[in-house]
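**Student:** Structural data only, the sequence is not supplied:
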């Protein structure tokens, strides 16, 4: 009896709900009141605070994680402690002009604003100071100096394209500029377009650089390089090492003087990159130490430079050894 009464009651209530008239949909534009998430002292956690540019919808999305300094450094310092030969894009000079090798300090700083013009464009400044350890030679009697500014954008994953300006003083470019312009300065200025690729996961890397000089030297040059990184060629309990192998070619067109067109140099480079498993050296660490060796062969531009200037520049083959130390933060 109780069960029958319960079923009848349920059927009656269901019928009343089914027969109820649905509410009327109002005409005109529907307006929504602004919602406040801080009413009564209650706020969203910090990881859910976002932009309210689209009516507060982004406030429900997690904010993007900030890049760590180790994975995206703003400042990079690289010190070439010593190289047994002075070279420009693989083209060296004779032993008489670089008998004591060379050293240089390079620095690059990327500004915090990496979204210029709201287009994901970053900008940076870089500079270099170097010396050739033979003050008696024409190249070593003046310190090398370089300063540049560039803007760039990551157009594809791991591919950065940059456009920049460089001012250079001293070195082989400065000496050649002085001989051509027949004046006291050893300065050049140029515009540079570069594309740099570096896939840390698969190990491939490379760079293509195009420079157009318009002061001191007036011409064009290209520097192209491709390479591969072999990981864990040495792997011990506390330390290990990666190995980078790369090959490059550097042609130029009227850069070293009128009618000097062709290849400046070919090169093959092998670099050892030691690291510690504790993260204090190499790989994602701030500090790096890289010994390397490079074989260079000069192209047909070497004889043209000597024929036009008599400076005795560029051995046909050079074996160069060196070591770099880097720090990033």
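**Tutor:** Received the coordinates, thanks. Since the structure is predicted, the reported quantities are computational estimates derived from the model, not experimental observations.
**Student:** so the nearest residue to residue 260 once chain neighbours are set aside is in which element?
**Tutor:** Nearest residue to residue 260 in three dimensions, chain neighbours excluded: residue 304, at 4.5 Å (CB to CB, 6 or more residues apart in numbering). For the C-beta atoms, the positions are set from N, CA and C on the backbone; glycine is no exception. According to DSSP states H and E, residue 304 maps onto helix 301-309.
**Student:** Name the next helix or strand downstream of that helix, please.
**Tutor:** That would be, after helix 301-309 and using DSSP H and E, strand 317-328.
**Student:** Go through that following strand and flag the buried ones.
**Tutor:** 318, 320, 322, 324, 326, 328 (16 or more other CB atoms under 10 Å).
**Student:** Quick check: mean pLDDT of it?
**Tutor:** What strand 317-328 shows for mean pLDDT is 94.
**Student:** contacts for that strand?
**Tutor:** With contacts defined as CB atoms under 8 Å, 6 or more residues apart in numbering, strand 317-328 is touched by 69-70, 73, 75-85, 87, 92, 286-298.
**Student:** Among these, which are located in strands?
**Tutor:** Counting by DSSP state E, the contacts of strand 317-328 place 75-83, 87, 92, 287-298 in strands.
**Student:** from these, which would you call buried?
**Tutor:** 76-78, 80, 83, 87, 92, 288, 290, 292, 294, 296-298.
**Student:** between those, which is nearest residue 158?
**Tutor:** If you rank those by distance to residue 158 using CB to CB, residue 76 comes first, at 17.1 Å.
**Student:** so that closest one sits right up against residue 107, yeah?
**Tutor:** Yes - with contact defined as CB atoms under 8 Å, residue 76 and residue 107 form a contacting pair (7.1 Å).
**Student:** With pLDDT and distance to residue 202 added, can I get the buried ones among the ones in strands among the contacts of strand 317-328 in a markdown table?
**Tutor:** Below are those laid out as a markdown table (pLDDT from 0 to 100; distance: CB to CB, whole Å):
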| residue | pLDDT | distance to residue 202 |
| --- | --- | --- |
| 76 | 95 | 22 |
| 77 | 96 | 27 |
| 78 | 97 | 24 |
| 80 | 97 | 28 |
| 83 | 94 | 29 |
| 87 | 88 | 29 |
| 92 | 77 | 32 |
| 288 | 96 | 20 |
| 290 | 97 | 20 |
| 292 | 98 | 22 |
| 294 | 96 | 24 |
| 296 | 92 | 27 |
| 297 | 91 | 29 |
| 298 | 87 | 33 |
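**Student:** Which of the residues you listed sits closest to residue 120?
**Tutor:** residue 76 (20.4 Å).
**Student:** hey, what's that closest one bridged with?
**Tutor:** Using DSSP bridges, the bridge partners assigned to residue 76 are residue 108, residue 328.
**Student:** For it, give its distance to residue 306.
**Tutor:** Distance from residue 76 to residue 306, counting by CB to CB, to the nearest Å: 36 Å.
**Student:** now swap in residue 204 and tell me
**Tutor:** The separation that residue 204 has from residue 306, given CB to CB, amounts to 37 Å.
**Student:** those helices in the stretch 51-200 of the chain, which residues are they?
**Tutor:** With DSSP state H, counting those that start in this stretch applied, the stretch 51-200 of the chain shows helices at 171-181, listed in chain order.
**Student:** for it, which spans come out with low pLDDT?
**Tutor:** Low-confidence segments of the stretch 51-200 of the chain (pLDDT under 70): 51-73, 94-98, 181-183.
**Student:** all strands of it, in order?
**Tutor:** 75-83, 87-88, 91-92, 102-110, 122-132, 144-156, 159-169, 187-198 (DSSP state E, counting those that start in this stretch).
**Student:** which stretch among those comes nearest residue 265?
**Tutor:** Taking the strands of the stretch 51-200 of the chain one by one with CB to CB, strand 91-92 is closest: 4.0 Å.
**Student:** partners of the closest one, with directions?
**Tutor:** strand 87-88 (antiparallel).
**Student:** From the chain's centroid, how far away is the strand it pairs with?
**Tutor:** 21 Å (CA atoms, centre = their mean, to the nearest Å).
**Student:** who's in contact with it?
**Tutor:** Contacts of strand 87-88 (CB under 8 Å, 6+ apart): 93, 171-173, 264-265, 294, 296, 318, 320.
**Student:** And for stretch 102-117?
**Tutor:** The contact list for stretch 102-117, computed with CB under 8 Å, 6+ apart, reads 73-83, 85-86, 120-133, 144, 151.
**Student:** For residue 165, which non-adjacent residue is closest in space?
**Tutor:** Of all residues not flanking residue 165 in the chain, residue 149 sits nearest, at 5.6 Å (CB to CB, 6+ apart).
**Student:** I'd say the one you found and residue 123 touch.
**Tutor:** Yes - the criterion here is CB under 8 Å, and residue 149 meets it with residue 123 at 7.2 Å.
**Student:** Quick check: neighbours shared by the two?
**Tutor:** Residues touching both residue 149 and residue 123 by CB under 8 Å, 6+ apart: none at all.
**Student:** confidence score at residue 252?
**Tutor:** Reported pLDDT for residue 252: 96.
**Student:** Show me which parts of the helix or strand harbouring it are buried, residue by residue.
**Tutor:** Here residue 252, judged by DSSP H and E, is contained in strand 239-253. If you call a residue buried by 16+ other CB under 10 Å, then strand 239-253 has these buried ones: 240-242, 244, 246, 248-252.
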